[in-house]
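Student: Sequence and predicted structure, then a few things I'm wondering about:
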Amino acid sequence: MTKEEEAKKEEKVWTPELQADFERILTVGEECIAEADLKKLLLAKGRGSGHQGFNLYDGFEPSGRMHIAQGVFKAMNVNKCTAEGTNSTFIFWVADWFALMNDKMGGDLEKIKTVGKYLMEVWKAAGMDLSHVVFKWASEEITNNADKYWPTMLDVARRFNVTRIKKCCQIMGRLEGSLTAAQILYPLMQCTDVFFLKADICQLGVDQRKVNMLARDYCLAAKIKNKPVILSHHMLYGLKAGQEKMSKSDPDSAVFMEDAAEDVERKIMNAYCPSKVEGSEDKSSVAEDAGKESMHLVEDELKNPCLDYIENIIFAPPGATFVAGDTSYDNFATVKEKFLAGDISEEDLKRGLIASLNTMLAPVRDHFTNDDNAKNLLALVQQYKKEALPKDKAVRRLNLVELGKVPAGSHVVFAPLPSSNPTLQDAVATLRLLHQSGDKPCILYLSDWSARVCNSCGADLKGIDACYSIFLNSLKALDSEKMANVKVVKQSESILADPSNFWISVINVGRHFMLDDVMGPSMKDSDGVGIVVARLMKVADVAGLEPASIAMAEGDEATVMDALVSKFFDEKLPGVTKPSISIVQTPELLLQQRESDAHKTDNDEYFLLDDPKAHGKSKMKKAFCEPGNVTFCPPITLASTFFFGYGNEPTGEMVIKRSEENGGDIVFKQRSDIEAGFADESLHPGDLKTAVAAKMVEIIEKLSSSIKADSNLVKQSKALKALHKKLLKKK
């Protein structure tokens with residue numbers, strides 16, 4: 001058999017049954033992106049494919065009430081998507097973890113779960129066929145799989161800039177200038193849900209369309225072959241004039257599943273019900289809700305909620321009819337035409353709608369009256385609503401001291417984010433910060449997950465680990481005495497010790513600050529959103545470490561983090577001792593001054609993986625060293641750093657060897673003496689460079705030898721060099 005014949009044999013046939021599945025599923029959505037992808041999915045995983053099936057997903061937060069769109073409308077849509085033989089499973093993502101984070105039911109997870117079970121009973125009573133439905137509890141799934149869920153979220157974040165994520169924030173109805181930092185996190189997490197749940201179809205409302213499109217964009221960025229199909233259902237209008245959608249916070253904006261017959265009658269009789277287009281909308285009110293324009297894809301100037309209910313709820317079941325006055329109608333188009341022409345009065349339209357809705361809700365009322373389990377759940381939910389919320393609730397956070405991971409009252413230094421070509425300057429700066437500890441226990445914190453979200457080392461996990469190994473080895477080689485008393489703590493291990501509380505604290509940090517505050521003055525919308533995520537994580541890291549002091553190298557990053565940490569501790573963690581934060585000027589070991597980073601070369605500074613023979617002297621020979629110029633003189637800075645030690649006080653000396661006719665040897669014990677000699681030209685640039693070059697050969701040889709003494713470090717150094725070459729080719 002030829003390859004062409006084999007391919008033809010394996011080619012799946014599009015059957016009438018598949019066509020029926022395709023057409024039925026399409027009726028669920030106001031929009032499908034993309035129909036071709038849906039057909040491809042049905043062929044690959046649908047009926048007759050031999051595959052275990054495809055997954056659709058939607059999520060809900062157990063917050064206490066379910067309106068008719070979430071109840072009856074959703075039940076009908078699920079049944080369409082999972083009809084017998086379709087070979088599909090509908091996954092409901094029960095967002096109890098998010099309800100906990102939002103302090104629903106007083107932040108009591110067991111009560112939140114009870115509400116979730118109550119809502120499941122509502123769907124069951126509303127006619128949802130649960131034989132192909134799976135409910136997954138976010139609190140269990142995320143916590144038990146934190147090592148998979150959160151790295152996926154970080155990978156999503158690292159691939160987009162702030163501008164792209166801001167576009168998704170309209171799902172929360174916020175103008176860009178009024179965004180909190182947490183509102184950047186929500187789309188990232190919702191996008192993560194799609195891949196964590198292995199969803200083939202995102203079956204959410206039109207209002208979620210933009211964040212679902214983010215999932216398709218992520219597939220392109222991450223080179224994932226099969227993009228999720230976006231099947232966005234219609235958003236029902238609120239019952240009041242100008243309400244683009246129903247609101248759980250406004251009980252009269254919608255019919256709710258637990259409404260009594262008289263509640264339904266009152267709400268519908270009072271509902272907005274125009275028969276002709278009314279005055280144009282006040283644009284100033286539109287500006288208050290940035291998500292408003294994304295609620296509906298189909299143009300509808302009338303915006304009549306009663307007609308909306310009739311079209312999308314009453315006529316949704318196959319063969320449905322609607323009675324207005326004494327006339328029965330079997331299609332919506334006729335009802336709308338007759339109403340607009342005045343042949344159906346508003347009174348008759350509303351009375352017909354009331355009767356139809358009550359008929360739909362009757363099984364739900366009966367279920368909660370006659371089923372003991374359902375009756376008990378309803379009673380508990382009603383009781384929870386009456387209970388007073390606890391006061392002075394403690395802010396949830398990671399507590400590494402309590403978990404025994406770190407000592408109390410420590411001094412913390414955050415290691416610089418890793419690089420495929422780590423610099424000597426970063427190592428020296430870190431040692432300088434560690435030396436600020438005084439007599440406190442000292443912690444060096446490796447932010448490996450933050451490194452991933454910031455694209456450090458191209459987010460290559462082995463590269464990040466290799467860099468940290470080389471970096472730690474270099475610190476020990478340079479200052480073994482100090483490093484013997486430093487505890488190294490890895491961020492990922494700390495987070496996974498209590499992931500739920502850590503990420504709740506990250507989100508709480510995000511809620512507390514406006515996005516602009518977290519971005520600071522230097523960050524632009526074109527920058528990666530991972531920087532924002534990493535800064536929120538860093539505040540949560542500090543809260544988890546509960547240190548007595550933190551030392552940070554001066555710069556924009558330190559300025560922003562100082563403000564965020566200080567304010568969060570003052571305003572949200574009053575019972576936790578705020579750390580003292582010192583912003584330290586660290587040595588700048590650049591060998592050349594460049595106008596732009598684009599002009600920099602590898603000869604402009606020393607690296608931890610430099611070859612002592614190839615780079616020790618040659619780089620110093622090319623270093624800038626203008627006679628008499630002490631404002632920028634790299635050899636003086638290097639001399640001060642490596643001859644006098646890494647602490648605040650000088651501990652060594654530098655000897656310049658000279659012949660007697662040239663003035664003899666000179667001994668320097670502090671930087672100011674070197675600068676004075678260089679400024680008055682009693683210290684020649686050649687003599688200075690010779691002494692410093694010898695010292696740099698000694699330093700780089702020390703680093704190189706320490707790596708060669710460990711076979712694992714040798715492998716990691718080779719891997720890091722290979723990664724560096726790979727990343728350079730991508731630029």
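Tutor: It's in. Every value quoted in this text rests on a predicted model; they were computed, and no experiment measured them.
Student: Can you read off the pLDDT for the closest residue to L564 other than its chain neighbours?
Tutor: Excluding its sequence neighbours, the residue lying closest to L564 (Cβ to Cβ, 6 or more residues apart in numbering) is V539, at 5.2 Å. Where C-beta positions appear, they are placed from N, C-alpha and C, glycine not excepted. We have a pLDDT of 98 for V539.
Student: ok, now the one 4 residues further on?
Tutor: The confidence metric pLDDT takes the value 97 at A543.
Student: The residue lying closest to it once chain neighbours are set aside in helix, strand or coil?
Tutor: Using Cβ to Cβ, 6+ apart and skipping the chain neighbours, the partner closest in space to A543 is R397 (4.5 Å). Secondary structure, DSSP: H, G, I helix; E, B strand; the rest coil: R397 is coil.
Student: Which SSE is immediately downstream of the least confident helix or strand in the chain by mean pLDDT?
Tutor: In the chain, no helix or strand scores lower on mean pLDDT, DSSP states H and E than helix 283-286, which sits at a mean of 44. Remark: after helix 283-286, the chain's next helix or strand is helix 305-309, criterion DSSP states H and E.
Student: buried stuff in whatever helix or strand comes next after that following helix?
Tutor: Downstream of helix 305-309, the next assigned helix or strand under DSSP H and E is strand 322-324. Neighbour counts over strand 322-324 (16 or more other Cβ atoms under 10 Å) mark 322, 324 as buried.
Student: The helix or strand following strand 322-324: which residues count as buried?
Tutor: Stepping forward along the backbone from strand 322-324, the first helix or strand reached (DSSP H and E) is strand 327-329. Across strand 327-329, burial judged by 16+ other Cβ under 10 Å covers Y329.
Student: so after strand 327-329, what's the next helix or strand?
Tutor: helix 332-341.
Student: Kindly provide the distance from S549 to H435.
Tutor: 12 Å (Cβ to Cβ, to the nearest Å).
Student: before we move on, what about R266?
Tutor: Applying Cβ to Cβ to R266 and H435 gives a distance of 73 Å.
Student: what about those two, which has more around it?
Tutor: Set R266 next to H435 and count neighbours by other Cβ atoms under 10 Å: H435 wins out with 20 against 14.
Student: quick check, distance from the host helix or strand of the residue nearest to L564 to the centre of its chain.
Tutor: Assigning secondary structure by DSSP H and E places V539 in helix 530-545. In this view, helix 530-545 has its centroid 12 Å away from the chain centroid, taken as Cα atoms, centre = their mean, to the nearest Å.
Student: Compute the number of surrounding residues for V486.
Tutor: Residues near V486, counting by other Cβ under 10 Å: 21.
Student: Can you tell me the closest non-neighbouring residue to it?
Tutor: C442 (4.7 Å).
Student: Just list whatever residues bridge to the one you found.
Tutor: H411, V486 (DSSP bridges).
Student: And for it, the neighbour number?
Tutor: 25.
Student: Quick check: pLDDT value at it.
Tutor: 97.
Student: show me the contacts for it.
Tutor: 410-411, 413, 434, 482, 485-487 (Cβ atoms under 8 Å, 6 or more residues apart in numbering).
Student: Mind checking which of those residues are buried?
Tutor: Neighbour counting with 16+ other Cβ under 10 Å marks 410-411, 413, 434, 482, 486 as buried within the contacts of C442.
Student: Now pLDDT and distance to A157 too, for these, in CSV please.
Tutor: CSV is the format used below for these (pLDDT from 0 to 100; distance: Cβ to Cβ, whole Å):
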residue, pLDDT, distance to A157
S410, 97, 29
H411, 98, 30
V413, 98, 25
L434, 97, 30
K482, 95, 35
V486, 97, 30
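Student: Quickly check the residues you listed for the two that are furthest apart.
Tutor: By the measure Cβ to Cβ, S410 and K482 form the most distant pair in those, at 14.7 Å.
Student: pull the CA atoms of the helix holding V539 into CSV?
Tutor: The C-alpha coordinates for helix 530-545 follow below in CSV (Å, rounded to 0.1, in the frame of the first residue of the first chain):
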residue,chain,number,x,y,z
GLY,A,530,5.8,39.3,33.8
ILE,A,531,7.6,42.2,35.5
VAL,A,532,4.4,43.2,37.2
VAL,A,533,3.7,39.6,38.3
ALA,A,534,7.3,39.3,39.6
ARG,A,535,6.9,42.5,41.7
LEU,A,536,3.7,41.4,43.2
MET,A,537,5.3,38.0,44.0
LYS,A,538,8.3,39.9,45.6
VAL,A,539,6.0,41.7,48.1
ALA,A,540,4.4,38.4,48.9
ASP,A,541,7.9,36.8,49.3
VAL,A,542,8.8,39.5,51.8
ALA,A,543,5.5,39.0,53.7
GLY,A,544,6.3,35.2,53.8
LEU,A,545,9.9,35.7,55.0
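Student: Against A99, how distant is S63?
Tutor: 6 Å.
Student: which of the contacts of C442 lies closest to F569?
Tutor: For the contacts of C442, the minimum distance to F569 (Cβ to Cβ) is 15.5 Å, reached by S410.
Student: who are the neighbours in contact with the closest one?
Tutor: By Cβ under 8 Å, 6+ apart, the residues touching S410 are 440-443, 487, 545, 547-548.
Student: If we use 6 Å, what do you get?
Tutor: 440-441, 443, 547 (Cβ atoms under 6 Å, 6 or more residues apart in numbering).
Student: Which of these ranks first by neighbour count?
Tutor: P547 (28 neighbours).
Student: Would you confirm that that one contacts F414?
Tutor: No - look at P547 against F414 with Cβ atoms under 6 Å: they stay out of range, at 10.7 Å.
Student: What count of nearby residues applies to the closest residue to M257 other than its chain neighbours?
Tutor: Excluding the flanking residues, the one nearest M257 by Cβ to Cβ, 6+ apart is G71, at 4.1 Å. G71 is flanked by 26 other residues according to other Cβ under 10 Å.
Student: For P228, state which of the contacts of C442 is nearest.
Tutor: V413 (42.1 Å).
Student: Work out for me the element that closest one sits within.
Tutor: Following DSSP H and E, one finds V413 within strand 411-414.
Student: burial of L723, as a residue count?
Tutor: If you count neighbours by other Cβ under 10 Å, L723 ends up with 21.
Student: Correction: the previous question concerned I142.
Tutor: That count, for I142 with other Cβ under 10 Å as the rule, works out to 25.
Student: give me the element it is part of.
Tutor: Per DSSP H and E: helix 138-144 holds I142.
Student: For the stretch 451-600 of the chain, which segments are assigned as helices?
Tutor: 461-478, 480-483, 491-497, 499-512, 515-519, 530-545, 556-572 (DSSP state H, counting those that start in this stretch).
Student: which stretch among those comes nearest I700?
Tutor: Here helix 461-478 is closest among these (Cβ to Cβ), at 10.2 Å.
Student: I'd like to know which elements that closest one is packed against.
Tutor: helix 685-708, helix 711-730 (3 or more Cβ pairs under 6 Å, 6 or more residues apart in numbering; DSSP states H and E).
Student: If we use 7 Å, what do you get?
Tutor: helix 424-434, helix 448-453, helix 685-708, helix 711-730 (3 or more Cβ pairs under 7 Å, 6 or more residues apart in numbering; DSSP states H and E).
Student: Let's have these in TSV, adding distance to L609.
Tutor: What follows is those, written out as TSV (distance: least, Cβ to Cβ, whole Å):
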stretch	distance to L609
helix 424-434	10
helix 448-453	18
helix 685-708	8
helix 711-730	6
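Student: Between those helices, which one is closest to H233.
Tutor: helix 448-453 (32.3 Å).
Student: Show residues contacting that closest one.
Tutor: 151, 154, 157-158, 417-418, 457, 459, 464, 468, 490-492, 495, 530, 533-534, 537-538 (Cβ atoms under 7 Å, 6 or more residues apart in numbering).
Student: Can you say which of the residues you listed are buried?
Tutor: Neighbour counting over these (16+ other Cβ under 10 Å) leaves 151, 154, 157-158, 417-418, 457, 459, 464, 468, 491-492, 495, 530, 533-534, 537-538 as the buried ones.
Student: May I have the beta-bridge partners of the residue lying closest to E554 once chain neighbours are set aside?
Tutor: Using Cβ to Cβ, 6+ apart and skipping the chain neighbours, the partner closest in space to E554 is I583 (4.9 Å). I583 forms beta bridges with M552, as assigned by DSSP bridges.
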